[in-house]
Every structure is written in C-alpha cells, then in structure tokens.
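Colleague: Sequence below, structure please.
(chains A and B, ligands or ions: 2)
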Amino acid sequence: MERKVVFRGKALPLALLAPQLLITIVFFFWPAGQAVWFSFLRQDAFGIRSTFVGLENFTDLFADPLYLETIRNTVVFSTGVTVIALATALLLAVLADRQIRGSGAYRTLLIWPYAIAPAVAAVLWIFLFHPQIGLVGRALNGAGIPWDYKLNGNQAMLMVILASAWKQVSYNFIFFLAGLQSIPKSVLEAAAIDGARPAYRFWTITFPLLSPTTFFLLVVNLVYAFFDTFGVIDALTKGGPAKATETLIYRAYVDGRVNLDIGLSSAQSVVLMLVVIALTAIQFRFIERRVHY
Amino acid sequence: MATLDLSGVQKAFGATRVLHGVDLAVADGEMIVIVGASGCGKSTLLRIVAGLETPTAGSVRIGGRDVTALEPADRDIAMVFQNYALYPHMSVAQNMGYGLKIRGLPRPEIDRRVRDAAALLGIEALLDRRPRQLSGGQRQRVAMGRAIVREPKLFLFDEPLSNLDAKLRVQMRAEIRRLQKRLGVTSLFVTHDQIEAMTLGDRLVVMHQGHAAQVATPMEIFERPADTYVAGFIGSPAMNFLEGVLAGGGRAVALRAGPTIPFADGPRPGPDGLPLTIGLRPEHLRLEAGGLPLAIDLAEPLGSETVLHGRLPDGEALVIRLAGPAPRDGTLPVTLPAEHLHVFVAEGGRRLDPAPA
Ligand SMILES: Nc1ncnc2c1ncn2[C@@H]1O[C@H](COP(=O)(O)OP(=O)(O)O)[C@@H](O)[C@H]1O
Ligand SMILES: [Mg+2]
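Modeller: Ligands and ions are numbered 1, 2, ... in the order given. Presented below is the predicted three-dimensional model:
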C-alpha cells in the first residue's frame, strides 16, 4: 500500500527540507565546488594570486611518477584492507552464526573496535608492533626476524593494512551475521539431506545467498579504505617510510596542507570524487539489476 | 526402499522433554502418517529420522542399519519441508539436480532423471525458472521433484501441504498418495490435519505430548481409538464424551445423564462404580421418540447434513450429526445406541475393552 502525503502550497515542504538541503550545500556542494574550481587554478605560495591553468594540474599529476606510485600504494592498500576485513569478518560471522545464533554478548564484543577512534586504534597497534616497545615487535626481533616498520616500507604497509582492516572487521561482521541469519535454516538442512558436506554447503548455498551483502560490503570497504583510513595512516606512519604508505587521500592532504599547493591538492580531490561517484554508480547499477531472492 | 525402525526414541531440548520414548516399525513401501496437535513433537520425530536432530536416547534403523549416529547426508533419505526450502539462487532443474551432482552422477544422467521427475510432476515447462518465479503449488511440486529424483530409501514430509490453499491441498494430497504408491518408497508424512492423515496413511501414528498414543490403520483408529485423546482427535465433528460409572457387575454403564445402558459387546472388567468416560460419535446418535431430552442451542446446516449442538438435562454437551435438514431449535429426544459406545476408564482415558471370554 502506498501512502502519500500531499502538502498544500510550497512553504511547508520547503521549510521541512531546508535544514537537510542547507547542510548538504554548505558542507558538501560548496567545498566540492570549490575543489573543482581550485583544481583549475594555480596559486602562488602565499595564496595571494591565482591564475587559471585549465587542466594543467591534472596533467602534472598524472605525469608525476610519485603520484603513480601513490596510486599503486592505494590499490595495494585498499585491496589488502578490503580482502582481509571481509574474509576475517565472514569467518567470524560464520563461527558466531553456528555457535550461538543471535547471541548478543559476542556481537557486542566484536563491534567494539568500530567505536574506537582511529588515533586510539593506532596507539594500540603501536603498542603491539613498535620495534622496541611493542609486544609483537619485540618478540619478532627477539626471534631473529628483523622488524621495523619505520624503516621497512613493506612492513609499514602491512601494518597500516592490518590496523585499518581490523577497524572495519566489526562493521562487516554485523552485516555478515545478519545476512547469515536471514538465510532460512531449512534451506541449509535441505542441502544437508541432499548430501552436501558443510564446506560444500557453504560454497554452493551460503556464499551465493550472501552475495548481495558481500557486494554491498565490498563497496563500503573500498570507500572506507580510500577515504576513512587517513587517521590510522597519519597516526601510525605519516605516509612513510619514504612515502611507502602514502595513499591518494594522504597525498592530497600532504600536498594541500603541508606543501600548500591548493591547485594540485584540489585536482587530487576531484580525482577521488570521481572514484567515489564511479563506485556508487556501480553499486546502484548492481542493486537495481540484482533482484533480491 | 527400506524398512524403518524406531525404538525408544526420546528427545529433550535442555530441560524440556519433547519425546518420551517412541517406538515404530515401518514396513517396506508403507506410508505412515504422523498426526497430532501442533507442538506435540511430530516435526522433532521426523527430524530425528532425518538426522537433523540427535535423539537423547533410543535408536533409528533404516533398512536394518543403525543410522542413529550418521549425518543426514549418509542416510539416503529425502525430505519435503513445509516452506519447501528450495535453493533460491538455483533454477528448478538445478534445485532438483543438486543432490545428484553431489553424488557425482554424470551430467546426462542427471539431466535425464531431472526430466523424468519433472514429467512425472508436470513441471517440465518450469525447469529454467527460479523458485521466486513460481506459485506455491509449483514450488510444492519442485520440492517433491527434488525428493524423488534422488530415489532415496525414505521420503519424509513435514506438513508439505499446509501452505497451499484448500483446493490445491486436496489435489496435491491425492497426487502425493498416487506418486508414493507408484514409486513404492517408504514414507513418513507429518500433518496436524486429520483428514489428510486418514486419506494418506496406510497406518497412522497419533502423537500426544511426545507419546505415540496409537499406531494403527485409519479405520482401526476410527473404530477402536486407544484412548480419549485419540478418540477426540480423529473424527469430525469430534466424539462426544459423557460421564458414567460401571454398573450391573460390569455389564452396563450408569450415565450421569440418567439412563443405564447395557454394553452390547460384553462385560467390562472392574468394580461397579468405576468412573468411566463414554464416547459416542455424533453420527451414531439418533433423534427418536422416548430418548433423552436435548436442548438444542446451535444448528449448523451443511447442505447434505446438519450438525446440532445441545445440552442434556445434567448439563453435558452433546453434538449430533444428522443426514439432511433438521429442526433448528427446541428440545429434541435423542437416543444413545448401545452398539456404538466407546468405553474408556475416566482416569487416564485408556480404552476399556470387554474381558476376553
Ligand atoms: N530446537 C528446539 N529447541 C527447543 N525446543 C524445541 C526445539 N524444537 C522444538 N522444540 C519444542 O518441542 C516441541 C515440539 O515441537 P515440534 O516437534 O516442532 O512440534 P510439532 O511439529 O508437532 O508442531 C515444541 O514445544 C517446541 O517448542
Ligand atoms: Mg511441525
């Protein structure tokens, strides 16, 4: 049944929409528009004069081998975060679903990391992996494995991936658990009677039925890895060593805030915006096409 | 095709005891219907046979082999669920072929068997559809098809017709019976519907609070119910129960409602004054001059018959089923025919048969 409320006149609906529209305009369209505008400008170092340079910022950007390196870092980083966060969460959700259907306590425990601020999370990971004072870091060095994420770029990358993934696991877990619990038990029982062993059952029944959830989380996690991991990277490695953990979002920050190259930084923001738009478009297309079972 | 033997099957969920020791021997090719009120443990019993639940005590043997400890996959059974439990992301053909694929049958063999089963059920045209594109009745058929392609030792049905509308239910009921006879597969069919039970089963198991109250053919159960629960459960409208005591040295019952009726089939063992419950089916009561006055308070005309609800002078309720139209109200004389009495001991409700001569 469809219920429509019809307003007489325009004043009331406009008044009701105004706060939402205002917030979106002030905090999204205005800065976004500015970023687009700035990406066509070049400012002097003091921010006094700016000249219109067309697409020059963009061509500079993609001609810069360091920027291409940043793209590579971002791909490695996002893939790592997404795969690890999804796989770990799915594993935990399957275990939780099997053991204690719907148990609240387990769920609450697993959601905690999500509520921890990036900086605090980073401190936790430093306590674990710092080469001199970290528990794991010291143990690794003690066992003869040279561990220092402040010198070794790969180790630094591994650490920011793990820390970022860890923060996202709880979010994914909740969705996977809900997805698993919405699969009718009798369907899995029918498969068991049909002769399917647990592993086969998982890959032929559970996993396909979970695919709408998985796809949704895939996009959410990619967006998270692209944009929301700034805090973790900043607190753990500051993009180092030698820019080994500098992702697109971190580089945009460094160029704009530290190097004060507003034009270049804006161009990078525009690139990132396009990425989000693409991801969102894919997601909507997919959801539209894929009717739910 | 196989026999099925349950012995002393018990089940408790934590402190809740659901089954209190069920024994059942099913012959090869037999169709057994497990019937009982909702919550009496029918599904639990079926799920124990399937291997989806583990019994707390007792054993399950299929074809003579003890399967109590085996997984569902190792029991070679098929089950049709109430909600059909089709795989939503697979086509009808894939749904039906899933179990065969797991068994490693070659592709052409799977296709052949799926097509044969589909032809048997009249669903050839649906093989490429997804379950969500099917009506309830079609899903039901697919679920049946998934069970029969496997050619299992045992069919298990858990209220498979409950989600269908009345007309389709009657049609599918007949179809299931024909199919089962034709394939000759030993079957357990769970239902809460007594008509379904009576029409489908070679034998019925009437379950009551985790016990098998009676295991017998439908007619035996109808004619000689083992206790007041079975007597009241099978038959519609339900059997009337009147209070009375044993009298005349066990040869008669003195009803609270007034008359003393001699037993037509012989004296019952027990002391005079033993409290009894007397059962009388509504269709066995007659309106005849000289009977007990029955104050009618409701008449239900059903076309070919009429059901009258009334009260005897001592306040006991009585239901009568009469062929054709009947008076709608007033007080009518009703006679209680001695040859149709069912005698039960009031305490516990067990049937009390004549002492063997
Ligand atoms: N997994 C379970 N845990 C706890 N109690 C259960 C479980 N399954 C069934 N029961 C209880 O066992 C009783 C019998 O259930 P069931 O066999 O489903 O009844 P029926 O199929 O005859 O309606 C019910 O009281 C039900 O609440
Ligand atoms: Mg049930």
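Colleague: ok, how many other residues are close to residue 67?
Modeller: Assuming you mean chain A. 20 (other Cβ atoms under 10 Å in any protein chain shown). All C-beta atoms are positioned from the backbone trio N, CA, C, and that covers glycine.
Colleague: Let me rephrase: I mean chain B.
Modeller: 21.
Colleague: pretty sure B:Arg47 is touching B:Pro55, no?
Modeller: No: the pair formed by B:Arg47 and B:Pro55 falls short of the contact definition of Cβ atoms under 8 Å, at 9.9 Å.
Colleague: immediately after the helix ranked longest in chain B, which helix or strand?
Modeller: In chain B, assigned by DSSP state H, the helix with the most residues is helix B:166-183. On the C-terminal side of helix B:166-183, the closest following helix or strand by DSSP states H and E is strand B:186-191.
Colleague: what does that next one rub up against?
Modeller: B:1-4, B:26-35, B:42-43, B:45-46, B:49, B:153-162, B:176, B:180, B:196-197, B:200-201 (Cβ atoms under 8 Å, 6 or more residues apart in numbering or on different chains).
Colleague: List only buried entries from those.
Modeller: B:2-4, B:26, B:29-35, B:42-43, B:45-46, B:49, B:153-161, B:176, B:180, B:196-197, B:200-201 (16 or more other Cβ atoms under 10 Å in any protein chain shown).
Colleague: Strands - which of the residues you listed land there?
Modeller: B:4, B:26, B:31-35, B:154-158 (DSSP state E).
Colleague: ok, the host helix or strand of B:Ala295: who's next to it in the sheet?
Modeller: Element membership for B:Ala295, per DSSP H and E: strand B:286-301. Strand B:286-301 has the following sheet partners, assigned by DSSP bridges: strand B:305-311 (antiparallel), strand B:330-335 (antiparallel).
Colleague: Could you pull out the strands in the stretch 201-350 of chain B for me?
Modeller: Counting by DSSP state E, counting those that start in this stretch, the stretch 201-350 of chain B has strands at residues B:203-208, B:211-216, B:240-247, B:252-255, B:260-262, B:275-280, B:286-301, B:305-311, B:317-323, B:330-335, B:342-345.
Colleague: for chain A, same thing?
Modeller: Using DSSP E, strands in chain A cover A:41-43, A:50-52.
Colleague: what does chain B have sitting close to ligand 1?
Modeller: Neighbours of ligand 1 within chain B, by Cβ under 6 Å from any ligand atom: B:13, B:16, B:18, B:36, B:38-44.
Colleague: May I see the ChimeraX selection of the buried members of these?
Modeller: In ChimeraX syntax, the buried subset of those is picked out as below (16+ other Cβ under 10 Å):
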select /B:18,36,40,41,42,43,44
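Colleague: Next, the angle strand B:317-323 makes with the strand holding B:Ala295.
Modeller: 90 degrees (axes from the mean of the first three to the mean of the last three Cα atoms, to 10 degrees).
Colleague: Break chain B into its domains for me.
Modeller: Split into domains by automatic domain parsing, chain B comes to B:4-229, B:237-345.
Colleague: buried ones in the longest helix of chain B?
Modeller: Across helix B:166-183, burial judged by 16+ other Cβ under 10 Å covers B:168-169, B:172-173, B:175-177, B:179-180.
Colleague: list the contacts for the residue nearest to A:Val53 when sequence neighbours are not counted?
Modeller: Counting by Cβ to Cβ, 6 or more residues apart in numbering or on different chains, A:Val53 lies nearest to A:Arg42, which is 4.7 Å off, once chain neighbours are set aside. Under the criterion of Cβ under 8 Å, 6+ apart, the contact list for A:Arg42 reads A:50-51, A:53, A:56-57, A:263.
Colleague: Mind doing that once more with 10 Å?
Modeller: Neighbouring residues of A:Arg42 by Cβ atoms under 10 Å, 6 or more residues apart in numbering or on different chains: A:49-54, A:56-57, A:60, A:261-264.
Colleague: which two from those end up farthest apart in space?
Modeller: Largest separation among these by Cβ to Cβ: A:Arg49 and A:Asp60, giving 18.5 Å.
Colleague: more crowded one of those two?
Modeller: A:Asp60 (16 against 9).
Colleague: residue contacts, the closest residue to that one other than its chain neighbours?
Modeller: Spatial nearest neighbour of A:Asp60, chain neighbours left out: A:Leu264 (6.8 Å); criterion: Cβ to Cβ, 6+ apart. A:Leu264 sits next to A:38-39, A:42-43, A:56-58, A:60-61, A:64, A:67, A:251-252, A:255-256 when contact means Cβ under 10 Å, 6+ apart.
Colleague: Now list the buried members of those.
Modeller: So, by 16+ other Cβ under 10 Å, the buried ones in the contacts of A:Leu264 are A:38-39, A:42-43, A:56-58, A:60-61, A:67, A:251-252, A:255-256.
Colleague: wait, B:Val215 sits on B:Glu30?
Modeller: No: using Cβ atoms under 10 Å, B:Val215 is not in contact with B:Glu30; the gap is 11.5 Å.
Colleague: shared neighbours, these two?
Modeller: With Cβ under 10 Å, 6+ apart, B:Val215 and B:Glu30 have common neighbours B:Arg203.
Colleague: so where's chain A uncertain?
Modeller: Per-residue confidence for chain A (pLDDT under 70) gives these ranges: A:1-5, A:7, A:44-47, A:99-107, A:110, A:260, A:287-293.
Colleague: which residue sits closest to the most centrally placed residue in it, ignoring its sequence neighbours?
Modeller: What sits nearest the mean C-alpha location of chain A, by Cα atoms, centre = their mean, is A:Tyr224, with 1.2 Å. Sequence neighbours aside, A:Gln168 is the residue nearest to A:Tyr224 in space, at 5.6 Å (criterion: Cβ to Cβ, 6+ apart).
Colleague: Kindly report the same for A:Ala122.
Modeller: Counting by Cβ to Cβ, 6+ apart, A:Ala122 lies nearest to A:Ala235, which is 3.3 Å off, once chain neighbours are set aside.
Colleague: From what I see, the one you found and A:Ser164 are in contact.
Modeller: No: with contact defined as Cβ under 10 Å, A:Ala235 does not count as touching A:Ser164 (11.1 Å).
Colleague: shared neighbours of the two, which are they?
Modeller: Common neighbours of A:Ala235 and A:Ser164, counting by Cβ under 10 Å, 6+ apart, are A:118, A:121-122, A:125.
Colleague: Take the residues you listed and keep only those in helices.
Modeller: A:118, A:121-122, A:125.
Colleague: Would you mind giving the residues you listed as JSON lines with neighbour count added?
Modeller: Below are these laid out as JSON lines (neighbours: other Cβ atoms under 10 Å in any protein chain shown):
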{"residue": "A:Pro118", "neighbour count": "19"}
{"residue": "A:Ala121", "neighbour count": "20"}
{"residue": "A:Ala122", "neighbour count": "23"}
{"residue": "A:Trp125", "neighbour count": "23"}
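Colleague: looking at the domains of chain B, which is buried most?
Modeller: domain B:4-229 (a mean of 19; mean count of other Cβ atoms under 10 Å in any protein chain shown).
Colleague: next one: that one to chain centre, how far?
Modeller: 13 Å (Cα atoms, centre = their mean, to the nearest Å).
Colleague: Just the terminal-to-terminal distance for that domain.
Modeller: Domain B:4-229 has an end-to-end distance of 26 Å (criterion: Cα to Cα, to the nearest Å).
Colleague: got a list of what the residue nearest to A:Ala122 touches?
Modeller: Taking Cβ under 10 Å, 6+ apart, we find A:Ala235 in contact with A:117-123, A:125-126, A:160, A:163.
Colleague: now with 7 Å?
Modeller: By Cβ atoms under 7 Å, 6 or more residues apart in numbering or on different chains, the contact list for A:Ala235 reads A:118-119, A:122.
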